[in-house]
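[1] turn this into a model:
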Amino acid sequence: MTDANDALAFQLVRYNDKEEAPFAPEMTHQVYGEQENVFGYRGLAISLQMTAGSLRAKLGFDSEGSLPEGDGVKPDPVLEPLLELLADGQAAKNDAEWREAVDKDKEFRPAGEKVKKEHSIREPRITFEWVPGPDALAV
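    I've put the predicted structure just below:
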(Lines give C-alpha, C1' and ligand atoms only; values in the text may rest on other atoms or scores of the structure.)
Protein backbone atom coordinates (compact mmCIF):
# COMPACT_ATOMS: atom_id res chain seq x y z
CA MET A 1 0.00 0.00 0.00
CA THR A 2 1.44 3.38 -1.02
CA ASP A 3 0.41 6.76 0.37
CA ALA A 4 -0.69 8.72 -2.73
CA ASN A 5 0.31 12.01 -1.06
CA ASP A 6 3.90 10.78 -0.98
CA ALA A 7 3.88 9.13 -4.41
CA LEU A 8 2.36 11.97 -6.48
CA ALA A 9 4.50 14.91 -7.58
CA PHE A 10 3.27 17.94 -9.53
CA GLN A 11 5.61 20.04 -11.63
CA LEU A 12 5.18 23.16 -13.77
CA VAL A 13 7.31 23.22 -16.93
CA ARG A 14 8.14 26.40 -18.83
CA TYR A 15 9.10 26.66 -22.50
CA ASN A 16 12.54 28.03 -21.66
CA ASP A 17 13.44 24.70 -19.99
CA LYS A 18 13.35 26.38 -16.60
CA GLU A 19 11.82 23.66 -14.51
CA GLU A 20 10.08 24.47 -11.30
CA ALA A 21 10.80 22.12 -8.40
CA PRO A 22 8.26 19.29 -8.12
CA PHE A 23 5.84 19.58 -5.22
CA ALA A 24 3.61 17.11 -3.44
CA PRO A 25 -0.12 17.55 -2.91
CA GLU A 26 -1.52 18.05 0.56
CA MET A 27 -4.35 15.61 -0.16
CA THR A 28 -5.31 13.14 -2.87
CA HIS A 29 -8.68 11.81 -1.75
CA GLN A 30 -10.33 13.45 -4.77
CA VAL A 31 -8.23 11.20 -7.02
CA TYR A 32 -7.41 8.03 -5.07
CA GLY A 33 -10.28 7.76 -2.62
CA GLU A 34 -10.80 8.64 1.01
CA GLN A 35 -7.87 6.55 2.26
CA GLU A 36 -5.50 8.30 -0.21
CA ASN A 37 -3.72 5.02 -0.96
CA VAL A 38 -2.70 3.17 -4.11
CA PHE A 39 -2.64 -0.59 -3.67
CA GLY A 40 -0.32 -3.06 -5.32
CA TYR A 41 2.96 -1.22 -5.96
CA ARG A 42 6.35 -1.04 -4.27
CA GLY A 43 8.32 2.20 -4.61
CA LEU A 44 5.56 3.97 -6.55
CA ALA A 45 6.33 7.42 -8.02
CA ILE A 46 3.61 9.27 -9.96
CA SER A 47 4.41 12.35 -12.04
CA LEU A 48 1.98 15.01 -13.26
CA GLN A 49 3.77 17.71 -15.24
CA MET A 50 1.90 20.69 -16.67
CA THR A 51 2.92 23.51 -18.92
CA ALA A 52 2.91 26.69 -16.85
CA GLY A 53 0.72 28.65 -19.29
CA SER A 54 -1.81 26.47 -21.09
CA LEU A 55 -1.75 23.65 -18.49
CA ARG A 56 -1.24 20.83 -21.00
CA ALA A 57 -0.35 17.72 -19.02
CA LYS A 58 2.06 14.81 -19.12
CA LEU A 59 1.41 11.85 -16.84
CA GLY A 60 3.70 9.03 -15.88
CA PHE A 61 4.52 6.57 -13.14
CA ASP A 62 7.28 4.22 -12.14
CA SER A 63 7.58 1.53 -9.49
CA GLU A 64 10.06 -0.99 -8.23
CA GLY A 65 7.47 -3.71 -8.74
CA SER A 66 3.81 -4.52 -8.64
CA LEU A 67 1.62 -7.21 -7.20
CA PRO A 68 1.04 -10.03 -9.67
CA GLU A 69 -2.59 -10.35 -10.70
CA GLY A 70 -4.27 -13.46 -9.43
CA ASP A 71 -7.01 -14.77 -7.19
CA GLY A 72 -9.11 -11.70 -7.98
CA VAL A 73 -6.45 -9.31 -6.62
CA LYS A 74 -4.84 -6.73 -8.87
CA PRO A 75 -2.99 -3.43 -8.46
CA ASP A 76 -5.06 -0.24 -8.39
CA PRO A 77 -5.12 1.89 -11.54
CA VAL A 78 -2.56 4.69 -11.25
CA LEU A 79 -3.01 7.10 -14.16
CA GLU A 80 -6.68 6.51 -15.02
CA PRO A 81 -8.04 8.41 -11.97
CA LEU A 82 -5.88 11.42 -12.88
CA LEU A 83 -6.95 11.28 -16.54
CA GLU A 84 -10.60 11.38 -15.45
CA LEU A 85 -9.98 14.79 -13.83
CA LEU A 86 -8.36 16.32 -16.92
CA ALA A 87 -10.26 17.73 -19.88
CA ASP A 88 -10.39 15.70 -23.09
CA GLY A 89 -7.15 16.25 -25.00
CA GLN A 90 -5.42 17.98 -22.07
CA ALA A 91 -2.92 15.15 -21.54
CA ALA A 92 -0.21 14.60 -24.14
CA LYS A 93 -0.38 11.15 -25.75
CA ASN A 94 3.39 10.79 -26.21
CA ASP A 95 6.72 12.56 -25.66
CA ALA A 96 6.66 14.29 -29.05
CA GLU A 97 3.22 15.79 -28.37
CA TRP A 98 4.41 16.89 -24.90
CA ARG A 99 7.54 18.59 -26.28
CA GLU A 100 5.39 20.36 -28.89
CA ALA A 101 3.02 21.58 -26.16
CA VAL A 102 5.95 22.93 -24.10
CA ASP A 103 7.42 24.70 -27.16
CA LYS A 104 4.03 26.13 -28.15
CA ASP A 105 3.49 27.41 -24.61
CA LYS A 106 5.92 30.27 -25.24
CA GLU A 107 3.19 31.77 -27.45
CA PHE A 108 0.49 31.30 -24.80
CA ARG A 109 -1.45 34.38 -23.78
CA PRO A 110 -4.26 34.29 -21.21
CA ALA A 111 -7.77 34.90 -22.48
CA GLY A 112 -8.95 38.49 -22.13
CA GLU A 113 -7.72 41.96 -22.93
CA LYS A 114 -4.73 43.67 -21.39
CA VAL A 115 -6.17 46.50 -19.30
CA LYS A 116 -3.01 47.99 -17.82
CA LYS A 117 0.67 47.37 -17.33
CA GLU A 118 2.25 48.02 -13.97
CA HIS A 119 5.93 48.31 -13.25
CA SER A 120 7.82 47.63 -10.08
CA ILE A 121 11.48 47.80 -9.23
CA ARG A 122 11.72 44.00 -9.26
CA GLU A 123 9.73 43.08 -12.36
CA PRO A 124 7.08 44.41 -14.73
CA ARG A 125 3.57 43.17 -13.98
CA ILE A 126 0.82 42.77 -16.55
CA THR A 127 -2.83 42.61 -15.52
CA PHE A 128 -5.44 40.89 -17.67
CA GLU A 129 -9.20 41.11 -17.42
CA TRP A 130 -10.88 37.89 -18.47
CA VAL A 131 -13.96 38.28 -20.64
CA PRO A 132 -15.34 34.83 -21.47
CA GLY A 133 -16.10 34.16 -25.09
CA PRO A 134 -17.84 31.24 -26.76
CA ASP A 135 -14.66 29.16 -26.96
CA ALA A 136 -12.68 30.68 -24.07
CA LEU A 137 -12.35 27.36 -22.31
CA ALA A 138 -11.45 25.33 -25.40
CA VAL A 139 -8.21 23.38 -25.04
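
[2] C-alpha from now on. contacts and neighbour counts both.
    Fine.

[3] got a list of what the closest residue in space to residue 75 that isn't next to it in sequence touches?
    Nearest residue to residue 75, sequence neighbours excluded (Cα to Cα, 6 or more residues apart in numbering): residue 40, at 4.1 Å. When contacts are counted by Cα atoms under 8 Å, 6 or more residues apart in numbering, residue 40 touches 1-2, 66-67, 74-76.

[4] narrow those to just the buried residues.
    Buried by 16 or more other Cα atoms under 10 Å: 2, 76, out of the contacts of residue 40.

[5] what helix or strand is residue 9 on?
    strand 8-13 (DSSP states H and E).

[6] helices or strands next to the very next helix or strand once past that strand in the packing?
    Counting by DSSP H and E, the element after strand 8-13 in chain order, helix or strand, is helix 29-32. With contacts taken as 3 or more Cα pairs under 8 Å, 6 or more residues apart in numbering; DSSP states H and E, helix 29-32 sits against helix 80-85.

[7] which residues are contacting the strand holding residue 9?
    By Cα under 8 Å, 6+ apart, strand 8-13 touches 19-25, 45-52, 102.

[8] go again with 6 Å.
    Contact partners of strand 8-13, identified using Cα atoms under 6 Å, 6 or more residues apart in numbering, comprise 19-20, 22-24, 46-52.
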